[in-house]
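Asks: What follows is a predicted structure for the sequence shown.
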Amino acid sequence: MSEFPNDNTHISSNDDYIEAFLDTLFLEQGLSDNTLAAYRSDLGKFTEFLIKSQRDISLMEVQSSDIEAYLAYRVDLGLKSRSTARSISALKRFFLYWVKEQKITATPLLSIAQPKIIQSLPKTLTELEVEALLDAPEVDEPLGLRDKAMLELLYATGLRVTELVGLRIEQVNLRQAVVLVRGKGGKERLVPMGEEALHWIEQFLKLGRPQMIKHATDFVFPSKRGVGMTRQTFWHRIKHYAILANVTSPLSPHTLRHAFATHLLNHGADLRVVQMMLGHSDLSTTQIYTHVASERLKSLHQQHHPRA
């Protein structure tokens, strides 16, 4: 692929090409830090592969054969198809950007197909396990009251953990019992929280949060230090309560999000409504939960039908 003179002629290293691409994504599309970090990681791993393969070339000189060799390398490492698909997506977006910037004539991924992804069922909890988890915090002290409100809200709304810990006071409307969620790519959605979550949030805001606030902050759920909480901290809290509740099913930071979607579908919710509440831009992303509900129906049929 030949190069064109353009406004990016000052760029000389592969790291510079990557950062210029990421800067544009941030400035023009407002992608989150987590998404940008994922792109940086995927592109960085590809450049590392080029160096290991003794292909010490500019990313603007990459050929289709380099991409094919990289995919074969990932297969040899036993990496999951989902991870490889994400890596290909990052590379496609990167090279298409530089085509648009007239730095290269064509993307080296024109003939590269996405690997077929085998959809795995999200790990989730039964309704009884969720009840046990939600009942685990001690609500007679501020920290436990905070965690109770967070768990109830998480299960009631299907928020991502990042969205939950980043929630601000202005995003919670107690009168209408809704949460304004700012999700991926700066997209906003309104999600109802239900009576139970509303009750515990009101209790926390009235009785727990004032005791935890040490500095001015608008985070709904502050940390012990009175500032914003990290995703990792809340994940540790979930694992702590799972032990107390004797929940032995596999957990992930999104366990309650998956339970929220699965249990809604099990009780007859429309798939598109669940899609809107989860903040999925594509319905196909939400459809994985129909498989979960189907598996549950099969299990119930086998347990209770006389001819199963």
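Replies: All right, it came through fine.

Asks: separation between R225 and E19?
Replies: 33 Å (CB to CB, to the nearest Å). Any C-beta I mention is one placed from the backbone N, CA and C, and that applies to glycine too.

Asks: Next: S53.
Replies: 23 Å.

Asks: swap in E48?
Replies: Counting by CB to CB, the gap from E48 to E19 is 16 Å.

Asks: now do F260
Replies: 37 Å.

Asks: Compare the two (neighbour count), which wins?
Replies: F260 (24 against 14; other CB atoms under 10 Å).

Asks: Within the helices and strands, which one has that one?
Replies: Element membership for F260 (DSSP states H and E) is helix 255-266.

Asks: other SSEs contacting that helix?
Replies: helix 127-134, helix 142-157, helix 271-278, helix 288-304 (3 or more CB pairs under 8 Å, 6 or more residues apart in numbering; DSSP states H and E).

Asks: quick check: angle from the first one to helix 255-266?
Replies: What it means is helix 127-134. 140 degrees (axes from the mean of the first three to the mean of the last three CA atoms, to 10 degrees).

Asks: got the buried residues for helix 127-134?
Replies: 129-130, 132-134 (16 or more other CB atoms under 10 Å).

Asks: so can I have a markdown table of these showing distance to I88 and pLDDT?
Replies: A markdown table is the format used below for the buried residues of helix 127-134 (distance: CB to CB, whole Å; pLDDT from 0 to 100):
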| residue | distance to I88 | pLDDT |
| --- | --- | --- |
| E129 | 36 | 92 |
| V130 | 36 | 90 |
| A132 | 41 | 95 |
| L133 | 37 | 94 |
| L134 | 40 | 94 |
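
Asks: And these, which is closest to S41?
Replies: L133 (31.6 Å; CB to CB).

Asks: With adjacent residues omitted, what lies nearest to that closest one?
Replies: A245 (4.9 Å; CB to CB, 6 or more residues apart in numbering).

Asks: The one you found contacts A136, correct?
Replies: Yes - A245 lies in contact with A136 (CB atoms under 8 Å); the separation is 4.4 Å.

Asks: more crowded one of these two?
Replies: Higher neighbour count among A245 and A136: A136, with 21 against 17, using other CB under 10 Å.

Asks: What is the three-state secondary structure of that one?
Replies: Secondary structure state of A136, per DSSP: H, G, I helix; E, B strand; the rest coil, is coil.

Asks: Provide a list of residues in contact with it.
Replies: 241-242, 244-245 (CB atoms under 8 Å, 6 or more residues apart in numbering).

Asks: Quick check: the farthest pair among those residues?
Replies: Maximum distance among the contacts of A136 (CB to CB): 7.4 Å, for A242 and L244.

Asks: These two: who's more crowded?
Replies: For A242 and L244, the more surrounded residue by other CB under 10 Å is A242, and the numbers stand at 19 against 13.

Asks: so L22 makes contact with R40?
Replies: Yes - contact criterion CB under 8 Å: L22 and R40 qualify, at 6.1 Å.

Asks: Looking at the two, which one has more neighbours?
Replies: More neighbours surround L22 than the other of L22 and R40, with 19 against 16 (other CB under 10 Å).

Asks: where does the stretch 201-308 of the chain have low pLDDT?
Replies: 270-271, 273-274, 276, 279-308 (pLDDT under 70).

Asks: Quick one: neighbours of the nearest residue to E138 once chain neighbours are set aside, just the number.
Replies: Nearest non-adjacent residue to E138, counting by CB to CB, 6+ apart: G144, 3.9 Å away. By other CB under 10 Å, the residues close to G144 number 17.

Asks: Can you classify the closest residue in space to S53 that isn't next to it in sequence by secondary structure?
Replies: Among residues not flanking S53 along the chain, A69 sits closest, at 6.5 Å (CB to CB, 6+ apart). Under three-state DSSP, the three-state class of A69 is helix.

Asks: So A69 sits against K52, correct?
Replies: No - contact between A69 and K52 fails when scored by CB under 8 Å: they sit 10.6 Å apart.

Asks: That'll do, ta.
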